[in-house]
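**Student:** kindly generate the corresponding structure for this input.
(chains A, B, C, D and E, ligands or ions: 4)
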Amino acid sequence: MALLEVTDLSIQFGGLKAVDNFNLTIDEHELVGLIGPNGAGKTTVFNMLTGVYLPTEGDIKIDGESIVGKKPYEIVRCGAARTFQNIRLFKDLSVLDNIKIAYHHELNYSTFEGIFRLPRYWKDEKTAHENCLAFLDIFDMGDYASIQAKNLPYGKQRKLEIARALATKPKILMLDEPAAGMNPKETHELMDTIQLIRDKFDIAILLIEHDMHLVMGICERIVVLDYGKIIAKGTPEETRNNPDVIKVYLGE
Amino acid sequence: MILFLQQMINGLSVGSIYALIALGYTMVYGIIKLINFAHGEIMMAGAYFAFLIAITTNLPFPLVLVFSMIMAAILGMFTEYIAYKPLRNAPRISALITAIGVSFFLQNLALVIFKANPKIMPELIVKKPISIGALKIGTVTLTTLVLSIIFMIILDIFVKKTKPGKAMRAVSEDKEAAMLMGINVDRTISITFAIGSALGALGGVLYSITYTQVFPTMGVMPGLKAFVAAVLGGIGLIPGAVLGGFVIGMIETVSKAYISSQWSDAIVFGLLIIVLLFKPTGILGKNEKEKV
Amino acid sequence: SGGSKGTEVIKIGVIGPMTGDNSMYGTSVREGAMLAAKEINAAGGVDGKKVEIIAYDSKGDKTEAVNAYNRLRDQDGIVALVGATFSGETLSIKEIAIGDNMPMLTPTATHKDVTLNASNIFRACYTDPYQGATAAVFAMENLGAKKAAVLYNIEDPYSEGLAIAFRDKFSSVGTVTNYEGYTAKDADFRAVLTKIAAQDPEVIFLPDYIAKIGVILSQIRELGLDMIPISGDGSDGIEVDYADVAEGMYYANHYSKSDESKLVQNFISNYDKEYGVQPNALAALGYDATYIMLQAIDRAGSFDSDKIIAELSKTDEDYVTGHITFDKNGEPLKSISVIKVAGGKQVLVDKVSAE
Amino acid sequence: MNKNTIKSYLVNFLAVIIIFALMKLLMNIGIINRYYQGIIVFILINIILAASLNLATGFLGQLTLGHAGFMAAGAYVSASTAIMIKANFGWLPNIAILLISLIIAGIISAIVGVAIGIPALRLRGDYLAIITLGFGEVIRVIINNIRFTGGAQGLTGIPRISTFDNVFWITVLIVFILYTLTHSRQGRAIVSIREDEVAAEAVGVKTTRFKVMGFAIAASFAGIGGGLYAHYIAFLDPNTFNFMRSVEILVIVVLGGMGSLTGSIIAAIVLTILPEALRSFADYRLLLYSFLLIIMMIFRPAGLLGTSEFSWKSIYDRYKYRKESIIKREKA
Amino acid sequence: MLKVQNIDVFYNKIHAIKDVSFEVKEGEVVTLIGANGAGKTTILKTISKLLEPTNGVILFRDEPITKITSHQLVYLGLAHVPEGRRIFSKMSVFENLQMGAYIRNDKSQIDADLEKIFHYFPRLKERINQPAGTLSGGEQQMLSIGRALMSRPKLMLMDEPSMGLAPLLVQEIFNIIQTIKNEGTTILLVEQNANKALQVADRAYVLETGKVIKSGTAKELMEDDSIKKAYLGG
Ligand SMILES: Nc1ncnc2c1ncn2[C@@H]1O[C@H](COP(=O)(O)OP(=O)(O)OP(=O)(O)O)[C@@H](O)[C@H]1O
Ligand SMILES: Nc1ncnc2c1ncn2[C@@H]1O[C@H](COP(=O)(O)OP(=O)(O)OP(=O)(O)O)[C@@H](O)[C@H]1O
Ligand SMILES: [Mg+2]
Ligand SMILES: [Mg+2]
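**Tutor:** Numbering: from 1, shown residues only, chains lettered A, B, ... in the order given. Ligands and ions are numbered 1, 2, ... in the order given. Here you go, the predicted structure:
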């Protein structure tokens, strides 16, 4: 059984069919790229996969269970996490707290136990604190733990958002243009990070990106969207040489 | 039936005043997203300006109106400059608190100057009811009704079609980006306050003629109701303000006349709550989901 | 109580709304009280001691009233309290004042519970139920009305108290066609008046204060309705600003400016001299209450609360607002003046007495 | 962190006890007379109201303009409960009557909070403000129109059983609960909703649940504050809980700093004392009050404390840091 | 055209720009290169007076802009494509472009320019009446550039115009930069995509933590090893 199974997914905004009959299966541990011209509907696909938009048609299954109609936070529990094209951190909170909020599913103490500081509170908080710090270390961000998220440099903010998504323990991670606004060197580092994540956490990744260096460099499969429709699927090599993709997207 | 129609006219009369005041609210809210709690007090000030000029001179009604509107516009711009401008980049709720502060201040200033006793507004418009069949409609009501609709149309065109109007909308969305277009943001906001305040004064003068009195706290309730009207119609939307005003006026009248006079406020607010729950952006507002 | 025993001044506290939108009530009471104190001081004071009135603003707010009372007691060391002005404030102070055994005479709080179970609390005005019932009797007997409508302010205890009493009394003989309420900040009564007019009552009872009644009256005129408006003491002075719309209405009052008694005329002229305006009923009550209190202190010959309270209950004299004695609860037994607005003037129609 | 945190809890607890003992001492020797004591009680009640509103507005980020409505609900419920208990079980000690009444008031207010919250919290920002404003007005009309509240005549005969001691300790308990709540996983979830609701959902925070929970707790504590008020002043009428009261509480929260409980405490002290301190200005008192309010907002737009909490540790740290830097400088 | 002389900029206590000087001559394309957080955006915002320098002078067309406000600068011929697009999301695409021409009154010329922009970005024409907030990220970027062009600027500040754009469009953006340069517009360009930026630029300045650490012609810098390593991914 595939990890993620999307069948005939469509959404309509007024007269505009932003995504049209989208089909995709992703297996565990896969790294798949989703590319296409601006406005092709990539982010919209993410929004449907994570419950932000309700699709007009089609079905989405994670581990065989349909998630259509579920709330975003329920979908997170089913194992899908994401980042946003425009970074959405908890800006005024510390880097560590950003992670802790996403990590809250690992804490079990009740409101009552929390308020009156009963033993389980201390135990849970202690493990959470240590685990989240360890988590930040994986991303080389341990030093920033107590800094307000909004004061991080741009690249670090992107990284934090990825780390935060990972803290929810997803089976599949969806990244929306993680390299936007990064210079080639930083992008290169990001590539390493993404691969590291995939291996270390053993999850599947679905990635939207316009930086072909990154996409072609790490994706195993690529899906190309144009005007809401899939126009090509295949390996990076196939995609790079697909005349349709060259015409509407890659150029040259 | 006649009774019912007469009640509808009563509703129109109340509603058209709310509509006028709500226009000012919506203008200011639309541009700087500030619930201008002091709007009711600007309205009160407008009424006092008219009162003062009317008892000291013999100016005809339209001139009294214009005078009061200009004075209120100046007052509005002044309060904006003193109390809101320094808070442009502060959290929105802080500006809300200064607005409340300004509202208290103007009220208490009026109390100190004029005392709490209501002043009697001279009858600037001859209050002769015009009869249409068995129905009677007051001249003040008619004036208010006509003015509220005229101003709605003018303002709507102004904001949608003219350059300064578009500048206002740009400022409302993103002040920095608006500056980069060459828009003078400070002036635009000033103008918005001026227009909003002038409309508030207009409402205030007509209100005080209708209800014969001018007093320091006169702005509180109509201010609140007009605000509710603006929200009900879809805040930031000019036709929404007017529609909301009329709807509130009608509901109030109908509930006073046919349901229960003591529950009328509860009915108005209750209905507002219900409408917002089903249509969170008000009657004319569009439901737009935030794109992420 | 109080820390001023043996000092050369007698401190009397006054509490009421002196800022904010109800400021006119508190200031009237204060001015009446100050005038009384001034007259008494001019006449040599009480027992040779000067009287000092300490008046604190409450904004009409209960919390502030409690603070003001505590301050008067602890910081200023008052001997007795003339107050508070509104019923709500007075009721908030009540329990504390009982605990202090503070001699307390409210000039104007008309709520029925003010003096209940409180041996130290008296009042100078008549209660809401009494006034409302009297107005009903007047409407039935003097005006011969069979149908009456009631329109009152549901947020105001005074207004509601009068309305209930009027309704209950009137309906024992006649019909109350409408019993309608409005909220304090309401300004538009055309809908409800139109509704009332459809029932054709002969009189409409409007228990509220001048400002509101003025608006209601002008809308009654605007709609061309021909019911006779009746009102309570809140209308005192309505003929000044609303002469045209108030013409022909009746209201209950504590005294009439047209009363020829020397006491009344002296008060009016002294007040006018002092403040440059005609006194209203609240000023008269503040004036009377201060006199009653100071006379009781004088008779007690001491600042001892129990003695002052004992003397207060023995009060039996003529004042501006009538002859006053207290019943065992501290309620005044006095007659009500019914006034008609005619030719823009107060005309005393009748003095209706307690039943 | 464990040890340090416990230590700082102890320090704070000790500080509270010292403050209490000190106040009792001053009361006994008469420096704090009953006038000051009365003001302190109102300060404490305002602290409860502001701190609870801060949970809804400062931490959860939902602008509420009807907090007085919850206060009213609690005040009336508590007052009528106490009247009833006093009539039927008069032998109970006052403190028991007070606690039972307050608990019932808290529960009922929480239920009201949930009833308003579930539908209203679907709306954002200013719309929620309007709904809560409407709710505050409606509840007043209801109180005016139903029987057991006494309508506009007010409710009298309420047992006067709020004393300085019990108001003090209940305030301490409520502030403690609010503090620990906001510093737990539930509190982090609540704050994340304020920061970015979409992102909060996207990391698995059950936004609806935490919104309603935050709102209900705020309502519940406001109800308890109302109850304490009722049992202190022994008289209730609907006008006490008008829109202005809601505004006053909001002003305390914003002036103190949204999301800072200590800010609320400080602002409650300042704003409760201010009108008393301005007494000597007589007729200009309110004018001055509003003027000062505007000035304070202009100069501290984020509130007195912003979002940070006062803590002994930060003072200690600063002291230590200064000392260290002095040592460093001397060495250099 | 533009002279920046020894400016310092602070965010409260953060010293973001430290004694930076550089120059853009008429008709030139100059690019600022630097890592994330180096201060590129801050410099552009300071030039268009969205931020105030604590020290130093900025001369635009030989006039110090110390006393000039943001919106007045637009009349003098400055346009700024801000970071993060900053389009007016509730206004339609068309209205956004109109706002770009806010300072102009020549209706026929405006219409001609509109056509030109639709020619550059056909996608915008397809979405002409859509509220700009619902456009995709890349569409919004096109709109932001188009909007700035509508004022017919003499100097254009562009803050990462290619961010979030599809490869084809990135190419297109650089072509457009070339075109408007050829039409005589001076450009100060900030780009992450330093390779491409250096290809269109005449000269470049390299920024590191708020300081200019290197400058030279585009060609020189492209061949500089340390630059290659740090910014060009080479
Ligand atoms: N809420 C909405 N209402 C109307 N149209 C929408 C909405 N959301 C997206 N669209 C439209 O759907 C199309 C797809 O948008 P989407 O954001 O998915 O594009 P994208 O592929 O992510 O593009 P980019 O690479 O530029 O981010 C766009 O044309 C956009 O205008
Ligand atoms: N509003 C702000 N408040 C405080 N610090 C800020 C603010 N904006 C930027 N900074 C800081 O100033 C420095 C320069 O930021 P700037 O945005 O100018 O960098 P940049 O070179 O444009 O980076 P990027 O490539 O990420 O856009 C950074 O350290 C940043 O953290
Ligand atoms: Mg996208
Ligand atoms: Mg930047």
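
**Student:** which parts of the stretch 201-350 of chain C are helices?
**Tutor:** Taking DSSP state H, counting those that start in this stretch as the criterion, the stretch 201-350 of chain C carries its helices at C:210-222, C:238-241, C:243-246, C:262-275, C:281-300, C:305-312.

**Student:** need those helices in a markdown table (columns: mean neighbour count, distance to residue A:180 and mean pLDDT).
**Tutor:** Where you see a C-beta, it was placed from the backbone N, CA and C, and this is true even at glycine. Written out in a markdown table, the entries for the helices of the stretch 201-350 of chain C read as follows (neighbours: other CB atoms under 10 Å in any protein chain shown; distance: least, CB to CB, whole Å; pLDDT from 0 to 100):
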| stretch | mean neighbour count | distance to residue A:180 | mean pLDDT |
| --- | --- | --- | --- |
| helix C:210-222 | 22 | 63 | 90 |
| helix C:238-241 | 21 | 70 | 86 |
| helix C:243-246 | 19 | 72 | 90 |
| helix C:262-275 | 15 | 75 | 93 |
| helix C:281-300 | 26 | 72 | 94 |
| helix C:305-312 | 19 | 81 | 94 |
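
**Student:** out of those, the one nearest residue E:123 is which?
**Tutor:** Closest approach to residue E:123 among the helices of the stretch 201-350 of chain C (CB to CB): helix C:210-222, 61.4 Å.

**Student:** ok now stretch A:220-239, how far from the chain's centre?
**Tutor:** Average the C-alpha atoms of stretch A:220-239, do the same for its chain, and the two points are 19 Å apart (CA atoms, centre = their mean, to the nearest Å).

**Student:** for that stretch, give the mean pLDDT please.
**Tutor:** When the per-residue pLDDT values of stretch A:220-239 are averaged, the result is 94.

**Student:** that stretch close to ligand 1?
**Tutor:** No: among the residues of stretch A:220-239, none lie within reach of ligand 1 under CB under 6 Å from any ligand atom; the closest is 6.6 Å away.

**Student:** and that stretch, how far apart are its ends?
**Tutor:** Using CA to CA, to the nearest Å, the span of stretch A:220-239 from its first residue to its last is 11 Å.

**Student:** low-confidence bits of chain D, can you list those?
**Tutor:** Residues of chain D meeting the criterion pLDDT under 70: D:1-2, D:125, D:282, D:312-332.

**Student:** just the helices in it please.
**Tutor:** Using DSSP state H, the helices of chain D run over residues D:2-28, D:34-54, D:67-88, D:94-120, D:125-145, D:164-182, D:185-195, D:197-202, D:207-233, D:243-256, D:261-277, D:285-299, D:312-331.

**Student:** list the contacts for residue E:128?
**Tutor:** Contacts of residue E:128 were listed using CB atoms under 8 Å, 6 or more residues apart in numbering or on different chains, and they are E:92-94.

**Student:** of those residues, which is the nearest to residue E:219?
**Tutor:** Relative to residue E:219, the closest of the contacts of residue E:128 is residue E:93; by CB to CB it sits at 38.5 Å.

**Student:** isn't the closest one right up against residue E:126?
**Tutor:** No: with contact defined as CB atoms under 8 Å, residue E:93 and residue E:126 do not form a contacting pair (9.2 Å).

**Student:** more neighbours: which of these two?
**Tutor:** Between residue E:93 and residue E:126, counting by other CB atoms under 10 Å in any protein chain shown, residue E:93 is the more crowded of the two (28 against 14).

**Student:** so which strand or helix has residue A:87?
**Tutor:** Taking DSSP states H and E as the criterion, residue A:87 maps to no regular element, lying outside all helices and strands.

**Student:** in chain A, which residue sits closest to ligand 3?
**Tutor:** With distances taken as CB to the ion, chain A approaches ligand 3 most closely at residue A:43, which sits 3.1 Å away.

**Student:** so that residue makes contact with residue A:176?
**Tutor:** Yes: taking contacts as CB under 8 Å, residue A:43 lies within contact range of residue A:176: 5.9 Å.

**Student:** now the common contact residues for the two.
**Tutor:** A:85, A:208.

**Student:** let me see the contact set for residue A:224.
**Tutor:** With contact set as CB under 8 Å, 6+ apart, residue A:224 has these partners: A:35-36, A:230-233, A:239, A:242, A:244-245, A:249.

**Student:** ok, now how distant is the residue of the stretch 201-332 of chain D found nearest ligand 2 from chain C?
**Tutor:** When scored by CB to the nearest ligand atom, the stretch 201-332 of chain D has residue D:302 as its residue closest to ligand 2, at 14.3 Å. When distances are taken as CB to the nearest CB, to the nearest Å, residue D:302 and chain C turn out to be 28 Å apart.

**Student:** check contacts around that residue.
**Tutor:** Contacts for residue D:302 were tallied using CB under 8 Å, 6+ apart; they are B:90-91, B:94, D:257-258.
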